[in-house]
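In: Sequence and predicted structure below; questions after.
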Amino acid sequence: MDMKVCKRRKTTKVPPPAELLDELVTEILLRLPVKSLLRFKCVSKAWRATISDPFFVRSHLRQSASRCRQNPSLLVTPHTLEHVIDGEPWPSTFSSDISFYQWQPPSSEEEESEVRFVMHSDDFLEEFNSVCYFAHCDGLVVAPTNTNVYLFNPATRDAMRLPVNDRNKMYQYVACLPAGLGRDPRTGRHKVVRAFYRSRNPLTGVHDMGMEVFTVGVDSDSWREITPNPLYPVAEWITPVFAKGALFWIIEKRGLDPSPRGILRLSLDDESFSVTHLPDSLDPALDESFILDEVHGELFLTAFSSSELTWRKPLNIWTLVEQDTRWEHRYTLDVSGMAHPVALLPGGGAMIVRASHYISRYDLQTHEINTICELESLRYQHDGTPEEDAGSGQEIFYFNVIPYTESLVRI
């Protein structure tokens, strides 16, 4: 009987379209850390073009922000003193070295807290001798000092010194001019805004203030003065908070009559000023005893529950809602002393808070608080190699601690 032999047909695999491969490569690159992306720029001209593209930079920032919501990240900068001068209201002997360390909560109670070295130390060779509180937005960091304002991207290790001008006329009264950082919601560009002093009324003590803006990537050699002037003077030393397209400043109320019950708002799209009223349920005696923070894009106002002189008073936290016109009471924390809300952990059942040199986890259901990090005893790593304690052997005066999202945003 004849047997029929079936021959297999040869098949040729059709390669996927080049566009599909490019999309897959882009999706993979979007999920990589900045350090890897900077190396991969050298792979090919196509990869360099992709990673440098503004659309990719914005998409990567969104991915990075989403990861930070699941696993919050803080940027820690220890500030050391060369020596201590007795009687100074604010030290004038700061080290001119600025270093950034990234910290994330331990994944378990047994895991030890440590920080990872993000950026090589920059020593500005005695360009300044006093430092104020930093501001962060989209991976960029502004560092105000008594002489200059510095702008950093710690992930890309880029840094620049912003231009100097002579608008401020009161250096003898102010060590560091308050400066903030935010993103213009209309153009997507980042703006550094700094207050300056023209004069001081000798009878009332009220300052005549102005504000100036530096647009990152547009202004190269000068600040631009904002007109008209701010409605009220702002508090010295206190860094404004960016949320919902605006910078919010605490008003300096000394000498003002009548005294406004609100905070100063600067919209970054049209650069207009307005006053956002304080929560109605805030004790009026605490109108000058609250703090502002940005948590996951929302503006938080934190104050004690009452002005009574008791050892332990709960903290109330409000969030600004309804187009910056209404406050909503969101949380009550049973803690001793003032604390900054830093981040909400996934699920919303717990919050990361910072008080002085301690970072803690606060359970919003049980009201239990557990310290998960002591900043003075942190261990850090440089390229995976364990080093000594941060600031070991030097006099640490304080720590700048800010929520951090790494990015490719250029300065």
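Out: Ah, there it is.
In: Output the below-cut-off pLDDT ranges for the protein.
Out: Under the criterion pLDDT under 70, the flagged ranges of the chain are 1-20, 108-121, 171-175, 219, 309-311, 323-324, 379-394.
In: Surely H60 and S407 touch.
Out: Yes: when contacts are counted by C-beta atoms under 8 Å, H60 is listed as touching S407 (6.9 Å). Yep, even glycine has a C-beta here, placed from its N, CA and C like the rest.
In: Contact partners for the most centrally placed residue in the chain?
Out: Closest to where the C-alpha atoms of the chain average out (C-alpha atoms, centre = their mean) is H136, at 2.6 Å. For H136, the contact set (C-beta atoms under 8 Å, 6 or more residues apart in numbering) comprises 75, 142, 181, 402-405.
In: what do you get for I372?
Out: Applying C-beta under 8 Å, 6+ apart to I372 gives the contacts 105-106, 113, 359-361.
In: The residue nearest to the centre of the chain: what secondary structure?
Out: On the three-state scheme (DSSP: H, G, I helix; E, B strand; the rest coil), H136 is labelled strand.
In: 54 is where my numbering starts, stick with that
Out: Yep, numbering from 54; the last one is H189 now.
In: how close does it get to P125?
Out: Computed as C-beta to C-beta, to the nearest Å, the H189 to P125 distance reads 13 Å.
In: what touches both of these two?
Out: Looking at what touches both H189 and P125 (by C-beta under 8 Å, 6+ apart), the common residues are P456.
In: Which stretches in the stretch 54-203 of the chain count as helices?
Out: In the stretch 54-203 of the chain, the segments counted as helices under DSSP state H, counting those that start in this stretch are 71-83, 87-93, 98-105, 107-123.
In: Just send those helices back as CSV, with distance to I344 and mean neighbour count too.
Out: As requested, those are arranged in CSV below (distance: least, C-beta to C-beta, whole Å; neighbours: other C-beta atoms under 10 Å):
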stretch, distance to I344, mean neighbour count
helix 71-83, 35, 12
helix 87-93, 30, 15
helix 98-105, 38, 14
helix 107-123, 21, 15
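In: For E289, which of the ones you listed is the nearest?
Out: Closest to E289 of these, according to C-beta to C-beta: helix 107-123, at 30.9 Å.
In: Please save the CA atoms from the closest one in CSV.
Out: Only the C-alpha atoms of helix 107-123 are listed here, as CSV (Å, rounded to 0.1, in the frame of the first residue of the first chain):
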residue,chain,number,x,y,z
PRO,A,107,10.2,66.4,26.7
PHE,A,108,7.2,64.1,26.4
PHE,A,109,9.3,61.1,27.7
VAL,A,110,10.6,63.3,30.6
ARG,A,111,7.0,64.2,31.6
SER,A,112,5.9,60.6,31.2
HIS,A,113,8.8,59.3,33.3
LEU,A,114,8.0,61.9,36.0
ARG,A,115,4.4,60.6,36.2
GLN,A,116,5.7,57.0,36.6
SER,A,117,8.1,58.1,39.3
ALA,A,118,5.4,60.0,41.2
SER,A,119,3.1,57.0,41.0
ARG,A,120,5.9,54.8,42.5
CYS,A,121,6.4,57.3,45.3
ARG,A,122,2.7,57.1,46.2
GLN,A,123,3.3,53.4,46.8
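In: Residues touching that helix, excluding its own?
Out: Looking at what lies outside helix 107-123 - C-beta under 8 Å, 6+ apart - the contacts are 79, 82-84, 90, 103, 191-192, 241, 349, 396, 399, 456-463.
In: Helix 71-83 and that one, what's the angle between them?
Out: Relative orientation of helix 107-123 with respect to helix 71-83: 40 degrees, computed using axes from the mean of the first three to the mean of the last three C-alpha atoms, to 10 degrees.
In: residues near A248, how many?
Out: Neighbours of A248 under the rule other C-beta atoms under 10 Å: 25.
In: Pull up the pairing partners for the helix or strand harbouring it, direction included.
Out: Take DSSP states H and E as the rule and A248 turns out to sit in strand 243-253. Sheet pairing of strand 243-253 (DSSP bridges) gives strand 232-236 (antiparallel), strand 260-268 (antiparallel).
In: Can you dump the C-alpha atoms of it in PDB for me?
Out: This file holds the C-alpha atoms of strand 243-253, laid out as PDB (Å, rounded to 0.1, in the frame of the first residue of the first chain):
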ATOM      1  CA  HIS A 243       9.200  75.500  36.700                       C
ATOM      2  CA  LYS A 244       9.500  78.800  38.500                       C
ATOM      3  CA  VAL A 245      11.600  79.900  41.500                       C
ATOM      4  CA  VAL A 246      10.000  82.800  43.400                       C
ATOM      5  CA  ARG A 247      11.900  84.800  46.000                       C
ATOM      6  CA  ALA A 248      10.700  87.600  48.300                       C
ATOM      7  CA  PHE A 249      12.900  90.600  48.900                       C
ATOM      8  CA  TYR A 250      12.700  93.600  51.200                       C
ATOM      9  CA  ARG A 251      12.600  97.300  50.100                       C
ATOM     10  CA  SER A 252      12.200  99.000  53.500                       C
ATOM     11  CA  ARG A 253      10.900  98.700  57.000                       C
END
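In: Figure out how far that strand is from the centre of its chain.
Out: Taking the mean of its C-alpha atoms, strand 243-253 sits 19 Å from the chain's own mean (C-alpha atoms, centre = their mean, to the nearest Å).
In: repeat for stretch 412-428
Out: 21 Å.
In: buried ones in that stretch?
Out: If you call a residue buried by 16 or more other C-beta atoms under 10 Å, then stretch 412-428 has these buried ones: 412-415, 417, 422, 425-426, 428.
In: could you pull out the strands for the stretch 204-353 of the chain?
Out: 211-214, 232-236, 243-253, 260-268, 277-278, 294-296, 299-302, 315-320, 326-330, 343-348, 351-357 (DSSP state E, counting those that start in this stretch).
In: Report the angle between the longest one and strand 315-320.
Out: Using the same axes, to 10 degrees, the inter-axis angle of strand 243-253 relative to strand 315-320 is 130 degrees.
In: List the contacts of G350.
Out: Residues counted as contacts of G350 (C-beta under 8 Å, 6+ apart) are 296-297.
In: I misspoke; the intended subject was T329.
Out: Residues in contact with T329 (C-beta under 8 Å, 6+ apart) are 301, 315-318, 373, 377-378.
In: Let's have the residues you listed in a markdown table, adding distance to V217 and neighbour count.
Out: Listed next are the contacts of T329 as a markdown table, based on distance: C-beta to C-beta, whole Å; neighbours: other C-beta atoms under 10 Å:
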| residue | distance to V217 | neighbour count |
| --- | --- | --- |
| F301 | 26 | 23 |
| G315 | 33 | 16 |
| I316 | 29 | 24 |
| L317 | 25 | 25 |
| R318 | 28 | 22 |
| L373 | 34 | 23 |
| D377 | 33 | 18 |
| T378 | 38 | 9 |
